[in-house]
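J.: Make a model of this:
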Amino acid sequence: MAKHGKKYLAAAAKVEREKLYGPREAMELVKETSITKFDSTVEVHMRMGLDPRQADQQVRDVVVLPHGLGKTVRVAVFAQGEGASNARAAGADVVVDDDETFAKIQGGWLEFDVAISTPDLMGKVGRLGRILGPRGLMPNPKAGTVVPAADIARAINEAKAGRVEFRLDKTANIHVQIGKSSFGADKLYENFAAFMEAIKKARPAAAKGNFIKHITLASTMGPGIKLDPNAAQSMDATE
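T.: So this is what the prediction gives:
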């Protein structure tokens, strides 16, 4: 079992291990228990009452967090002609409309956080599956990252504003970032409320019983804080 340092133990002592915290109290506590010298990321980990082996129990969607993620998001766009022009005009960090940049990415260059593509280039982008897939960078229509040339600017703006993709993994968990520990508790709460709204909307029709079993909130290297799933599901993003 890994030994924890004094800072972690002091932070963990502030958390009641068996208590299910309300969302507002949890946001205050996650800020208080952040122990890194850098501005740590606040993450939500959810254990879902779904069977990831069943095609009709999948969850995959996106949410635009009202206060963003507190970091600069670098966007790459795979497009040609009008799409490439729109991407440059909208501030894309990388526009892949030439074989040289494509080959660079094929060779493992991945200096971007989000990849967007126009439908006509998806055949070519598919060849980068082994590079983009494992890092969660593969453009996907469900995630809103495969869009027509006319929608490129909107997709880039959303990605840079704090658009987050979430999906059920093979172990029936969902992991998502909701901001930084430097955010005020209100901003973290509002980002979390927007995420909860999106999760409820994404509930598959085939889901039975307890949709969300457990929710844990934590900052980078900080202790886990258990949230009350019922209180989280009855949150109001407009509060």
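
J.: quick one: the helices in this structure?
T.: Assigned by DSSP state H, the chain shows helices spanning 6-12, 23-32, 81-89, 99-106, 122-125, 129-132, 152-161, 185-201, 229-233.

J.: ok, and for the fourth one, which residues are buried?
T.: Spelled out, that is helix 99-106. Phe102, Ile105 (16 or more other CB atoms under 10 Å). Heads up, the C-betas are built off the backbone N, CA and C, glycines and all.

J.: and of the helices of the chain, who's closest to Asp113?
T.: Nearest to Asp113, of all the helices of the chain, is helix 152-161, at 8.0 Å by CB to CB.

J.: who are the neighbours of that closest one, in terms of helices and strands?
T.: Under the contact criterion of 3 or more CB pairs under 8 Å, 6 or more residues apart in numbering; DSSP states H and E, helix 152-161 touches strand 75-78, helix 81-89, strand 114-117.

J.: Identify whichever of those lies nearest to Met46.
T.: strand 114-117 (22.0 Å).

J.: Please compute how far that closest one lies from its chain's middle.
T.: The gap between where strand 114-117 is centred and where its chain is centred comes out at 15 Å by CA atoms, centre = their mean, to the nearest Å.

J.: State the mean pLDDT of it.
T.: Summarised as a single mean, pLDDT over strand 114-117 is 95.

J.: contacts for it?
T.: By CB atoms under 8 Å, 6 or more residues apart in numbering, the surrounding residues in contact with strand 114-117 are 73-79, 87, 92, 125, 132, 137-139, 145-147, 152, 155-156, 159, 163.

J.: Kindly format the C-alpha coordinates of stretch 132-144 as CSV.
T.: Only the C-alpha atoms of stretch 132-144 are listed here, as CSV (Å, rounded to 0.1, in the frame of the first residue of the first chain):
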residue,chain,number,x,y,z
LEU,A,132,-5.7,9.2,-32.1
GLY,A,133,-7.9,6.4,-30.6
PRO,A,134,-6.0,5.5,-27.5
ARG,A,135,-5.7,9.2,-26.5
GLY,A,136,-9.4,9.9,-26.9
LEU,A,137,-8.7,12.2,-29.9
MET,A,138,-10.6,10.4,-32.6
PRO,A,139,-13.3,12.7,-34.1
ASN,A,140,-16.7,11.2,-33.6
PRO,A,141,-20.2,12.4,-34.7
LYS,A,142,-21.7,11.5,-31.3
ALA,A,143,-19.2,13.7,-29.6
GLY,A,144,-19.9,16.6,-31.9
